[in-house]
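Engineer: Compute the structure for the input listed below.
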Amino acid sequence: MMLLKNIAPCKLNKRQSRANGFRTLMENGTGKGKKTKQNSVLEKWADEIIRRLPKLPKLRKSGAIRIRQQRPFRETEQMNQNKLLSDIKNSVISEYPSAKMIFYGSRSKGREKDWSDWDILILTDENLTENRKIELHNKIFEIELATGEIIHSVIHTKREWQDPLMRITPFYQNVAREGTVI
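Structural biologist: Coordinates of the predicted model:
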């Protein structure tokens, strides 16, 4: 209750509970309904709470209040992206020197979210057995563990990739349109 000290309380009808008052604020305060005097009092009350949050380090340390950290600068993200992609490339090239890798998906377009994965298409000259594919996925998984990033890899032969039936798939068209060769 220390947080609410000296803040004007919300005035509600006798029949309404505090929960109903907040529900009314949510319904009316979104611009879909009309603004009421009650809403303006609640907005001032919320602004006052937000103003006081930085002054409450004990609550932050205890975890009762979490403040979202700012994302790193775009240059730092670009350096991290280049390092991760070069690590993946070096890992694959060490096993398959003639392999071709294509970076596609939301991260390649620059529209990633914090939870977005890294989408990599790996094209090899030779047919890989399931065991060889698993070994290659395990090498990439080691990079995932080291970096904490989620890497989604798809493995095809170059011959499979150039097949006319593959070319008509939305996956092929998406990678061909927006993919970047690493």
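
Engineer: now the strands for the protein?
Structural biologist: 100-104, 118-124, 151-157, 180-181 (DSSP state E).

Engineer: so which of the ones you listed comes closest to residue 135?
Structural biologist: strand 151-157 (10.7 Å; C-beta to C-beta). For the C-beta atoms, the positions are set from N, CA and C on the backbone; glycine is no exception.

Engineer: Could you give me the buried positions within that closest one?
Structural biologist: 151, 153, 155, 156 (16 or more other C-beta atoms under 10 Å).

Engineer: For the closest residue to residue 161 other than its chain neighbours, which residues are in contact?
Structural biologist: When the adjacent residues along the chain are set aside, residue 161 lies closest to residue 123, with 5.3 Å between them (C-beta to C-beta, 6 or more residues apart in numbering). Applying C-beta atoms under 8 Å, 6 or more residues apart in numbering, we find residue 123 in contact with 99, 100, 101, 102, 156, 157, 158, 161.

Engineer: from those residues, which is closest to residue 81?
Structural biologist: Using C-beta to C-beta, these come closest to residue 81 at residue 101, 13.9 Å.

Engineer: Quick check: that closest one vs residue 116, distance?
Structural biologist: Residue 101 sits 18 Å away from residue 116, going by C-beta to C-beta, to the nearest Å.

Engineer: neighbour count winner among those two?
Structural biologist: residue 101 (19 against 14; other C-beta atoms under 10 Å).

Engineer: unless I'm mixing things up, the more buried one is touching residue 180, no?
Structural biologist: No. The pair residue 101 / residue 180 is not scored as a contact, 9.5 Å apart, by C-beta atoms under 8 Å.
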